[in-house]
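Chemist: could you look at this predicted model? Sequence included:
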There are 2 protein chains.
Amino acid sequence: MIDTSKGVTAAQGFLASGVAAGLKKSGGKDIALVVSQGPNWDAAGVFTSNRFFAAPVGWSRQAISDGTLKAVVLNSGGANACTGAQGDADAEQMARLVAQAIEASPQDVGVASTGLIGDHLPMDLVSAGIAAGIASLDSDGGGDAAQAIMTTDTVSKQASYASDQGWSVGGMAKGAGMLAPALATMLIVITTDADLSDTDIQATLLASTHVSFDRADSDGCMSTNDTVLLLANGASGVKPDPAQFSSALTDVCVSLARQLIADAEGAEHSITVTATGAATEADALEVARSVARSNLFKCAIAGNDPNWGRVLASIGTTSATFDPATVDVAFNGVEVFHQGAPGRDRSEVDLHPFDVEVVISLNAGQTTATIWTNDLTHGYVSENSDYSS
Amino acid sequence: MIDTSKGVTAAQGFLASGVAAGLKKSGGKDIALVVSQGPNWDAAGVFTSNRFFAAPVGWSRQAISDGTLKAVVLNSGGANACTGAQGDADAEQMARLVAQAIEASPQDVGVASTGLIGDHLPMDLVSAGIAAGIASLDSDGGGDAAQAIMTTDTVSKQASYASDQGWSVGGMAKGAGMLAPALATMLIVITTDADLSDTDIQATLLASTHVSFDRADSDGCMSTNDTVLLLANGASGVKPDPAQFSSALTDVCVSLARQLIADAEGAEHSITVTATGAATEADALEVARSVARSNLFKCAIAGNDPNWGRVLASIGTTSATFDPATVDVAFNGVEVFHQGAPGRDRSEVDLHPFDVEVVISLNAGQTTATIWTNDLTHGYVSENSDYSS
């Protein structure tokens, strides 16, 4: 259903490119462009709630406030965060350069950046890179764009869905692996040729991100630059069934979110933490997130230890409704804690596979929710400390 | 003022011992006893708020509910947590054995345990160990007791204060280094020969723990077994000035808390994170704690990098009152972020010393608070993952 070989150019009427502008020391691609050819320019966006949001986040938030975007320009190699008035001017200039080239208003161009916090972007390189990116726009350029937003990612991330009604939706993502030496940043651009002119596109995007990116938690740290943009150009001429479109969009988002977690810095295990039998969704999320944020739990998984004591110690700190005497915990299907007491022996659990599933049954209701995370490894510490020593 | 060579037997009228009962595979001391000779038996306690609290926590909480304790028995080598009804019976039996030996009620004996979650204590060894501990009680036994509660601690922790009015207060602590393969546990026993019969001893203890142990945050993980007990026997015959006693008790608690953080698992830096200029104490604590719990920040310190971007990204997630444009951040006295923009160059900061001080000036009020933490190192990952692989 989900095709991970195509991304932002899976849908009709979108051009993309990715070029090397010299922002990355490695010489890799570092400027990405996504341009919509219309006929519609409906758009929605979700951004970091960090109060120290980056300049491009501030720009894109206001640019999208009228519900339209014609293009997005993204760069790796510099976050343009905590850079003051100069940073704001630089983000606007990136939008302006793209707008001039595609004959649009700067207000129709979204901007996203990722990299080190606190440094100004080398705007001469950025300008030349945008010009090169414009020159290489291609209806098959999604893969290049996905590469150009990578930082410590080891692979690029794409996902797309083609409906049998003639519309498609596809996206690209980077992040959840941390930037050395700065921050985790999740940058996502999703495109669709479905006609969403009659749809509350912002609500649709929020519903999908709520059950996808919001549930990926690599290390509990929130970036200054997180950005999710959805562009809908209606090029297929089809107004989709809202439920079907929402489902497809969610599937694309979930695929991208899980690709992010699987490639998180140093990850040796991709972990799903599911709380089931919860009284409310908020309870399920609080319980699952408390486990996903426990460094002790994440170290234990790195060591292939089904340490249920660390799971209980985490959920014991939550305010979720449950009776400690009726909680069950299973690792990869083996119920090691049953009804408030030790269950099957931990030696029955095999944690050598990359994918680990922890299920906490609260026996307090009917609601289930999952958080995706990864283990805490020597690789994580190295990527986030050794760079400077 | 604070003497770290003496602990629970610094005050008059307290006996203590520490013996090897075979609970620790290493063969080290693992049963500790603290016995008060009166004439008073005033006591107060503070316990983990974890809902999966261990059996000894449940026992001690009810034992101290009448405000009196005559003795405390502690063991390392097993947490007696998540052990069901058998665990409750075992904790009570530990109190009963001590009570019989000192001719008291079991309700007058506190119990504390630390070690692996989910295993039952070997009660034959515990019983023999308590008998041996009773036989070796000594008015100079505080050092042995402090050793017997160590787990992954590399040094024992004691602190005492002698007033010029003739009363003393002293204590011992273990923890904040994590247990392999279980949890962080903080066990603290404090004794005093001051006469606190006219004092609200519980309120006095809470006031001191609020500004000491509550502000030590090694890795954000809360134990099932955390216990702080204060025993006051009045043996000095002196009713202290309440403010002076409170200050001395706080100094002892702060010394123990900082010893815990300095010896936390894998710690290569001891870090004080201070938020100043806050509108409220809650704001200051939220800001300081958000930084102390950032894995990215803690990895950066391990790498000797004054990464102020990670500090800002953390405090940007809080709800504290401040204007991002007027925040300052200093590492070891060098203001690397000033009034919302990059300040002095990060190369001016030397993070090679063990002690690191990060000061965040919110410029929103008059309140200051500090959280003590440590860096996130390869040693931490090793101690909490490699044990089983």
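Modeler: Yep, it's here. Residues are numbered from 1 along each chain as shown, chains lettered A, B, ... in the order given.
Chemist: just the helices in the stretch 1-150 of chain A please.
Modeler: With DSSP state H, counting those that start in this stretch as the criterion, the stretch 1-150 of chain A has helices at A:55-63, A:84-102, A:123-135, A:142-148.
Chemist: now do the stretch 251-389 of chain A
Modeler: Along the stretch 251-389 of chain A, the stretches classed as helices by DSSP H, counting those that start in this stretch are A:281-292, A:295-302, A:308-315, A:378-385.
Chemist: looking at these, which is nearest to B:Glu265?
Modeler: The closest of those to B:Glu265 is helix A:295-302. By Cβ to Cβ, the value is 9.9 Å. C-betas here are computed from N, CA, C, even on glycine.
Chemist: list the buried residues of that closest one.
Modeler: Of all the residues in helix A:295-302, those buried under the rule 16 or more other Cβ atoms under 10 Å in any protein chain shown are A:295-302.
Chemist: turn these into CSV, columns for pLDDT.
Modeler: Shown next, in CSV, are the buried residues of helix A:295-302 (pLDDT from 0 to 100):
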residue, pLDDT
A:Asn295, 87
A:Leu296, 86
A:Phe297, 93
A:Lys298, 92
A:Cys299, 91
A:Ala300, 92
A:Ile301, 95
A:Ala302, 93
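Chemist: any weak-confidence spans in the stretch 151-300 of chain A?
Modeler: Applying pLDDT under 70 to the stretch 151-300 of chain A picks out residues A:176-184.
Chemist: contact partners for the residue of it found nearest chain B?
Modeler: For the stretch 151-300 of chain A, the residue closest to chain B is A:Cys299, as judged by Cβ to the nearest Cβ, at 3.6 Å. A:Cys299 sits next to A:375-376, B:380-381, B:384-385 when contact means Cβ atoms under 8 Å, 6 or more residues apart in numbering or on different chains.
Chemist: what about the residue nearest to A:Thr192 when sequence neighbours are not counted, how many neighbours?
Modeler: Nearest in space to A:Thr192, with sequence neighbours left out and distances taken as Cβ to Cβ, 6 or more residues apart in numbering or on different chains, is A:Val169 at 4.1 Å. Look at A:Val169: counted by other Cβ atoms under 10 Å in any protein chain shown, it has 26 neighbours.
Chemist: how close does A:Val254 get to A:Thr318?
Modeler: Separation of A:Val254 from A:Thr318 (Cβ to Cβ, to the nearest Å) stands at 24 Å.
Chemist: repeat for A:Leu196
Modeler: To A:Thr318, A:Leu196 is 38 Å away according to Cβ to Cβ.
Chemist: compare the two and say which is more crowded by neighbours.
Modeler: Neighbours were counted for A:Leu196 and for A:Thr318 using other Cβ under 10 Å; A:Leu196 has more, 26 against 20.
Chemist: residues touching the nearest residue to the more buried one once chain neighbours are set aside, list them.
Modeler: In space, and not counting its chain neighbours, A:Leu196 is closest to A:Ala232: 4.1 Å by Cβ to Cβ, 6+ apart. A:Ala232 makes contacts with A:40, A:42-43, A:191-196, A:199, A:201, as judged by Cβ under 8 Å, 6+ apart.
Chemist: which of the residues you listed has the largest number of neighbours?
Modeler: For these, the largest number of neighbours (other Cβ under 10 Å) sits with A:Thr192, at 34 neighbours.
Chemist: surely A:His352 is in contact with A:Gly303?
Modeler: No - at 11.3 Å, A:His352 does not count as touching A:Gly303 under the criterion of Cβ atoms under 8 Å.
Chemist: ok, the nearest residue to A:Ser105 once chain neighbours are set aside to A:Ala54 distance?
Modeler: Leaving aside its sequence neighbours, A:Ser105 sits nearest to A:Ala99 (Cβ to Cβ, 6+ apart; 5.8 Å). Between A:Ala99 and A:Ala54 the distance is 20 Å, computed by Cβ to Cβ.
Chemist: more neighbours, the two?
Modeler: Higher neighbour count among A:Ala99 and A:Ala54: A:Ala54, with 33 against 18, using other Cβ under 10 Å.
Chemist: and A:Phe53, how far is that from A:Val109?
Modeler: Applying Cβ to Cβ, the value for A:Phe53 to A:Val109 is 18 Å.
Chemist: for these two, indicate the residue with more neighbours.
Modeler: Ranked by neighbour count (other Cβ under 10 Å), A:Phe53 and A:Val109 place A:Val109 first, with 27 against 23.
Chemist: before we move on, the earlier item: more neighbours: which of A:His352 and A:Gly303?
Modeler: Per other Cβ under 10 Å, whichever of A:His352 and A:Gly303 has more neighbours is A:Gly303, with 21 against 9.
Chemist: so who does the one residue sitting closest to the centre of chain A touch?
Modeler: Of all residues in chain A, the one closest to the mean position by Cα atoms, centre = their mean is A:Met186, 4.5 Å from it. Neighbouring residues of A:Met186 by Cβ under 8 Å, 6+ apart: A:173-176, A:213, A:216, A:223, A:226-228, A:260.
Chemist: one more time with 6 Å
Modeler: Neighbouring residues of A:Met186 by Cβ atoms under 6 Å, 6 or more residues apart in numbering or on different chains: A:175, A:226.
Chemist: next one: it relative to A:Leu285, how far apart?
Modeler: As for A:Met186, its distance to A:Leu285 is 18 Å (criterion: Cβ to Cβ).
Chemist: likewise for A:Trp59?
Modeler: A:Trp59 sits 31 Å away from A:Leu285 when distances are taken as Cβ to Cβ.
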